[in-house]
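Asks: Okay, predicted coordinates and the sequence, questions at the end:
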Amino acid sequence: MAQGFDVTPVLPASALRLLDASLSYGSKRVLDSLTLDIAPASFTAILGPNGCGKSTLLRLLGGALRPSHGRALLDGADLAALRRKAVARRLAYLPQNPIAPEMITVRELVARGRYPHQSLLRQWSPADARAVDAALADTDLDGFADHPVHTLSGGQRQRAWLALVLAQQTGIMLLDEPTTFLDIRHQLDLLELCASLHRAGRTLVVVLHDLNLALRYAERIVLMRAGRVAAHGDARSVMTEDAMRQVFDLDCRIMPDPETGSPMVVPRRAR
C-alpha cells in the first residue's frame, strides 16, 4: 500500500473505557463484568479463541451495542447518550464482513466515510475529495475507484472498507479482523499503515487472529476467554507461555522475533 496518506489526526486522540460492562442476549451472558481502559494514542490488539467475545467487546467500545449492565465511555461521556453522528466524527468502526450496497463503486463507498462531516451548512468539499483520494491511494485502490465493489476480490473489498474508515479521519479506529482475505504482503502493509497512524497520535483497537502479527505491531494486548478479560497490558508482560495455555490451550514457546525483538509465539509439536 502507498504511504502518502495524511496521518495527522483531525481530532485529538480520545480515551475509551468500559466500567463493569456486561452484555446478555436473553438469558445468555456474552460479556461478563468487563472493566477496561483504552488509553489515548495507544495501539491495542484484542486476542482470544473463537467465540470468546472479541468482536462483541469491540462493538461495545464503538457504541454499536449498549451494555446490559455497566457503562461504555468516550472521554468520560456515556456512549449511549451521544448522538451517532457526533460519535462518528471521533470514532471509526470497521465490523467483520460489512456489506456494500448493490452496484456501488469503490469511490462511492469510500466517500461515505465523509458523511459524519456533512451538514446542511457543509456539503461536499475539496477537502472531502482529497480525503477520499488519499484513502484510495493508501489502500492501493486508486486504479479501482470506478469499479463496482462486488466485482473486486475478497482482499480488494476488505481494502475498500478500510479506505472508507481512513477517509473518515477520526482520532480513534476500531478494526475487527481487518486482515481477513488479505495475502501476507497486504496484511503487513495494512498493519504498517496502522502503525504509522498510531505514531501520528491515533488510537487503534484491532481484533486479530494472527498472534505474531499482533505482537509485532500492537503495544498493548487484551487477552479474552469466555467473555472475560483474562489479561491486559504490554505485550511482553501479557504474552507468556502460561497465558497461552490458559487462554488458547496452547503449548508453546515465547521467544524474541528475530526481525523486531517483540515476543513471538512458537507452538510446540502436538504429541
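Replies: Happy to help now that I have it.

Asks: which SS state does the closest residue to residue 164 other than its chain neighbours fall under?
Replies: Distances taken as C-beta to C-beta, 6 or more residues apart in numbering place residue 113 nearest to residue 164, at 4.3 Å, with adjacent residues excluded. All C-beta atoms are positioned from the backbone trio N, CA, C, and that covers glycine. Recorded secondary structure, residue 113: helix (DSSP: H, G, I helix; E, B strand; the rest coil).

Asks: Residue 113 touches residue 162, doesn't it?
Replies: No - using C-beta atoms under 8 Å, residue 113 is not in contact with residue 162; the gap is 10.1 Å.

Asks: quick one: which of the two has more around it?
Replies: residue 162 (26 against 23; other C-beta atoms under 10 Å).

Asks: Isn't that one up against residue 141?
Replies: No - under the criterion of C-beta under 8 Å, residue 162 is not in contact with residue 141, lying 9.2 Å apart.

Asks: Report pLDDT for residue 120.
Replies: If you check residue 120, the pLDDT there is 69.

Asks: which stretches of this structure form helices?
Replies: Here the chain has its helices, by DSSP state H, at 54-62, 84-88, 106-111, 126-138, 154-168, 184-199, 211-217, 235-238, 241-248.

Asks: and the longest one, what other elements does it pack with?
Replies: What that stands for is helix 184-199. If you count contacts as 3 or more C-beta pairs under 8 Å, 6 or more residues apart in numbering; DSSP states H and E, helix 184-199 packs onto strand 43-47, helix 154-168, strand 172-176, strand 203-207, helix 211-217.

Asks: so which of these comes closest to residue 188?
Replies: helix 211-217 (7.8 Å; C-beta to C-beta).
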